[in-house]
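[1] Provided below for reference: sequence and predicted model.
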Amino acid sequence: MNIGIIGYGKMGKIIEAAAKSRGHRVSAVIDPLFASALEAPAGEGRPAAFCSLPAGPGISGQGPEVPGPVQAADLFIEFTRPGAAPDNIRAAAALGKPVVCGSTGWYEKLPEISAAVEQAGTSLLWGSNFSLGVNLFYRIASYAARLADPFPEYDAAGYEIHHNKKADSPSGTAKVLAERVLASMTRKRGVSWNSGDPPGKPEELRCASLRVGSAPGMHSLLFDSPADTIEITHTARNREGFASGAVLAAEWLLSCPGPGLEAGRAKRGIFTMDDVLKDILP
């Protein structure tokens, strides 16, 4: 599979390594902040097919002819920023290219972007967290919430901790976790974020968010009773889990052979990691 990477920050570089380790080729790396690399001599550590696309918040179908290495990409993996992601997806769709998008903070535009992707006859797989461990954690948490629901003595709460450079709070992963718990517990009907005002309402799922030091990311769900506490936690050690999950999603989207996957026709439509795991898990 030829992969085009949009966004060559920390995540982009780790995705590049993850893709190559799984036997794929990175045909193009796209990031306007690295356009000067085009002039750098080969063999100085830059990607062999470093491409620059027309200026703007994202890649664009207008302006100069799209470089050959970009056209050669079977699929794009996009990890940039909220202001760029919608334009990047729209432009990739105009080129007929599927996209795996890990950027967050743009989901208010998801309906219009989804319509553009479907009109172009291609595909988008989006998510707030591509870590395989986190997506398994979601399922474990949902099941635990269903088990605890009939027992009101077990109150539910959640918390997450990330490094002090993370801009958003709560994290997108924490929001999804809260949504999964609410969907699994009839006695919880809303979320209260970072509220320390006692007493809490029994129907509230109380969640807290903390930014400190260099913590890569930790999410916990707990069920507390007068007798004991049950706690479920996912802790990220680094960004490699996110990258390998994004590459796995790309393999699934293009129906490339991979762990638990069989070759077939490329998929068309709008998907999430839930769709990937539904095919892989028994």
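    Yep, it's here.
[2] How are the strands of the chain distributed by residue range?
    All strands of the chain, identified by DSSP state E, fall at 2-6, 25-30, 50-51, 75-78, 99-101, 123-126, 155-162, 190-193, 204-211, 218-224, 229-235, 269-271.
[3] tell me the angle the second one makes with strand 2-6.
    Our comparison of strand 25-30 with strand 2-6, counting by axes from the mean of the first three to the mean of the last three Cα atoms, to 10 degrees, yields an angle of 20 degrees.
[4] chain center to strand 25-30, what's the gap?
    For strand 25-30, the gap between its own C-alpha mean and the chain's C-alpha mean amounts to 19 Å (Cα atoms, centre = their mean, to the nearest Å).
[5] Spell out which strands sit alongside that strand in the sheet and which way each one runs.
    Strand partners for strand 25-30, identified by DSSP bridges, are recorded as strand 2-6 (parallel), strand 50-51 (parallel).
[6] Ok, the fourth one next?
    According to DSSP bridges, strand 75-78 forms sheet pairs with strand 2-6 (parallel), strand 99-101 (parallel).
[7] which one of those strands has the lowest average pLDDT?
    Sorting the strands paired with strand 75-78 by mean pLDDT places strand 2-6 lowest, at a mean of 92.
[8] Buried residues in that strand, which are they?
    Neighbour-count burial for strand 2-6, counted by 16 or more other Cβ atoms under 10 Å, picks out 2-6. Bear in mind the C-beta positions are built from the backbone N, C-alpha and C, glycine included.
[9] Repeat that for stretch 240-259.
    For stretch 240-259, by 16+ other Cβ under 10 Å, it's 241-254, 256, 258.
[10] now do stretch 184-194
    By 16+ other Cβ under 10 Å, the buried positions in stretch 184-194 come out as 184-185, 188, 191-192.
[11] nearest to Gly133, of these?
    Gly133 has its nearest neighbour among these in Ser184, at 19.5 Å by Cβ to Cβ.
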